[in-house]
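In: Sequence and predicted model, in that order:
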Amino acid sequence: MGHGHDHAHHNHTHGANKKTLTIAFFIISAFMIIEVIGGFLTNSLALLSDAGHMLSDAVSLGVGVLAFKLGEQVASYSKTYGYKRFEILAAVFNGVTLVIIALFIFYEAIERFANPPEVASTGMLMIAIIGLLVNILVAWIIMHGGDTKENLNLRAAFLHVIGDMLGSVGAVVAALLIMFFGWGWADPLASVIVALLVLVSGYRVTKDSIHVLMEGTPSNIKIEEIIDLLKSTQGVIDIHDLHLWSITSGQNAFSCHVVVDEHITLRESQQILKHIEHELAHFGINHVTLQIEDNQHKHEDSILCKLKHEHHHHHAHSH
């Protein structure tokens, strides 16, 4: 009963997330094109770097929309988890692109510090202000339309937009400094600050996504708590071969062998299973696979444990 409701809720936020990203994607893409043209016409690196940031935004939003679309495809025999992982691959791609863009801006800015070119600051100011307003609008749309806490994909997009906003602020300030004080170096300086932001967010997104791809433990779940929960369950003697990983953000999977007291009946072991599944749901773990064993058939028989046993044995000797 609870599960069905949970599923409906998931589908609802999923649809909202997709719609939100689609709207944001079109707004950002349109403005990015304006900013690139503006950057070339006014000769402003700050605008171009902000446009670079917006490009990465547009890419991340576009890939995000695509990921949600693909993620909706149902699981098949060849891909039993469906296409949920595509979101994470998209996030890796996105993170790496960001890092490359940042390095390119740094390179370009170094030349400009050496000999600052003429910048048409009035045009630069106008475009930067519009950019700022566009970013505020998109950030608002994402905040109100989607689920930025749970979904890595959407959170990445949201962080990009906030970074963009700061980029636009930088361009506005640089344009004002050039207009009032004639400080040509304000332009490359603003672009370097944006590049740093881009670099940091690129690194973070890449790191988080690679953690998921490496089947790392979900960062919001403490594995010790789960071990305590399992071991304190009545009738459970021991647990082993425990694995916890995420399929995509917000979808966690868990598998474990549970050794129960040999006097426990089949019906009681079913109740133990139900209890554990119910408890794990509170941790946000929705794919649970448990194997129940009694003391006689304990894990010395299983190949994996034999290997582990020999490995430890070997270690003990080599020490």
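Out: Perfect, thanks for sending it.
In: need the strands for the stretch 101-250 of the chain, in chain order.
Out: Counting by DSSP state E, counting those that start in this stretch, residue ranges of the strands within the stretch 101-250 of the chain are 236-248.
In: Low-confidence bits of it, can you list those?
Out: Residues of the stretch 101-250 of the chain meeting the criterion pLDDT under 70: 146-153, 249-250.
In: Apply 80 and report the result again.
Out: Within the stretch 101-250 of the chain, the ranges that satisfy pLDDT under 80 run 115-117, 145-160, 163, 197, 201, 205, 215-220, 247-250.
In: Tell me which stretches of this structure form helices.
Out: 2-42, 45-71, 85-114, 121-145, 152-181, 186-213, 223-231, 266-282, 303-318 (DSSP state H).
In: For residue 247, which of the ones you listed is the nearest?
Out: Evaluated with C-beta to C-beta, those place helix 85-114 nearest to residue 247, the distance being 6.6 Å. (Each C-beta comes from the backbone N, C-alpha and C, glycine too.)
In: Point out the other helices and strands that the closest one packs with.
Out: Packed against helix 85-114, as judged by 3 or more C-beta pairs under 8 Å, 6 or more residues apart in numbering; DSSP states H and E, are the following elements: helix 45-71, helix 152-181, helix 186-213, strand 236-248.
In: The first one relative to helix 186-213, how many degrees between them?
Out: Right, the one you point to is helix 45-71. Inter-element angle recorded for helix 45-71 and helix 186-213: 20 degrees (by axes from the mean of the first three to the mean of the last three C-alpha atoms, to 10 degrees).
In: residues of helix 45-71 that come out buried?
Out: Buried residues in helix 45-71, defined by neighbour count with 16 or more other C-beta atoms under 10 Å: 45-68, 70-71.
In: returning to what we had before: to residue 252, which of the helices of the chain lies closest?
Out: Between residue 252 and these, the tightest spacing by C-beta to C-beta is seen for helix 266-282, at 8.9 Å.
In: tell me the angle the closest one makes with helix 223-231.
Out: Compare the direction of helix 266-282 with that of helix 223-231 by the same axes, to 10 degrees and you get 160 degrees.
In: Kindly export helix 266-282 (C-alpha atoms) in CSV.
Out: Extracted in CSV, the C-alpha atoms of helix 266-282 (Å, rounded to 0.1, in the frame of the first residue of the first chain):
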residue,chain,number,x,y,z
LEU,A,266,9.6,-20.7,7.3
ARG,A,267,6.7,-18.4,8.3
GLU,A,268,8.8,-16.7,11.0
SER,A,269,11.7,-16.1,8.5
GLN,A,270,9.2,-14.5,6.2
GLN,A,271,8.2,-12.2,9.0
ILE,A,272,11.8,-11.3,9.6
LEU,A,273,12.2,-10.5,5.9
LYS,A,274,9.1,-8.3,6.0
HIS,A,275,10.3,-6.5,9.1
ILE,A,276,13.8,-5.8,7.6
GLU,A,277,12.4,-4.6,4.3
HIS,A,278,10.0,-2.3,6.2
GLU,A,279,12.8,-0.8,8.3
LEU,A,280,15.1,-0.4,5.3
ALA,A,281,12.4,1.6,3.5
HIS,A,282,12.9,4.3,6.2
